[in-house]
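Undergrad: Next come a sequence and a model predicted from it.
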Amino acid sequence: GTSTTIASGDDGYIILHTGAAATYTLGTVSDGFTCKIVNHGTGDITFSTAVLTGSSGHSTTKLSNYHALFQQETIGNSVELTKIGGSWRVTGR
């Protein structure tokens, strides 16, 4: 579909997106929750809330459908997300 909610049952999983552009709702989960999202779809994934991408406060709401070099304000087509201190953070690629 075009809308997905990431929930506590997805902890530790790899989520492979293969559809068109979509919105992913980052649901209510406990700190320490981790999942990896890989976008092999035809459009961007838009997150319902900003995801911190670096220690200097940069964030994004998009996960592109193409591989790009990691920069503080951007992420490529795969990302590991972790809920830390109530915030969603990029903790790996």
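TA: Perfect, thanks for sending it.
Undergrad: so how far is stretch 25-33 from its chain's centroid?
TA: 11 Å (Cα atoms, centre = their mean, to the nearest Å).
Undergrad: May I see the buried residues of it?
TA: Buried residues in stretch 25-33, defined by neighbour count with 16 or more other Cβ atoms under 10 Å: 26, 29, 33. Backbone N, C-alpha and C define where each C-beta goes, glycine included.
Undergrad: Distance check, the last one against residue 26.
TA: It stands for residue 33. Distance, residue 33 to residue 26, using Cβ to Cβ, to the nearest Å: 10 Å.
Undergrad: where exactly do the strands run in this protein?
TA: For the chain, the strands defined by DSSP state E occupy 3-6, 14-17, 22-26, 34-39, 45-52, 59-63, 78-84, 87-92.
Undergrad: is it possible to export those strands to JSON lines including mean pLDDT?
TA: Converted to JSON lines, the strands of the chain look like this (pLDDT from 0 to 100):
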{"stretch": "strand 3-6", "mean pLDDT": "91"}
{"stretch": "strand 14-17", "mean pLDDT": "90"}
{"stretch": "strand 22-26", "mean pLDDT": "94"}
{"stretch": "strand 34-39", "mean pLDDT": "93"}
{"stretch": "strand 45-52", "mean pLDDT": "94"}
{"stretch": "strand 59-63", "mean pLDDT": "90"}
{"stretch": "strand 78-84", "mean pLDDT": "93"}
{"stretch": "strand 87-92", "mean pLDDT": "90"}
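Undergrad: How much space separates residue 49 from residue 27?
TA: Using Cβ to Cβ, residue 49 is found at 10 Å from residue 27.
Undergrad: Actually, residue 65.
TA: Taken as Cβ to Cβ, the span from residue 65 to residue 27 is 22 Å.
Undergrad: so how many other residues sit close to residue 8?
TA: Residue 8: 11 surrounding residues under other Cβ atoms under 10 Å.
Undergrad: That one touches residue 29, doesn't it?
TA: Yes: the pair residue 8 and residue 29 qualifies as a contact (Cβ atoms under 8 Å) at a distance of 5.0 Å.
Undergrad: Surely residue 26 is in contact with residue 6?
TA: Yes: using Cβ under 8 Å, residue 26 makes contact with residue 6 at a distance of 5.6 Å.
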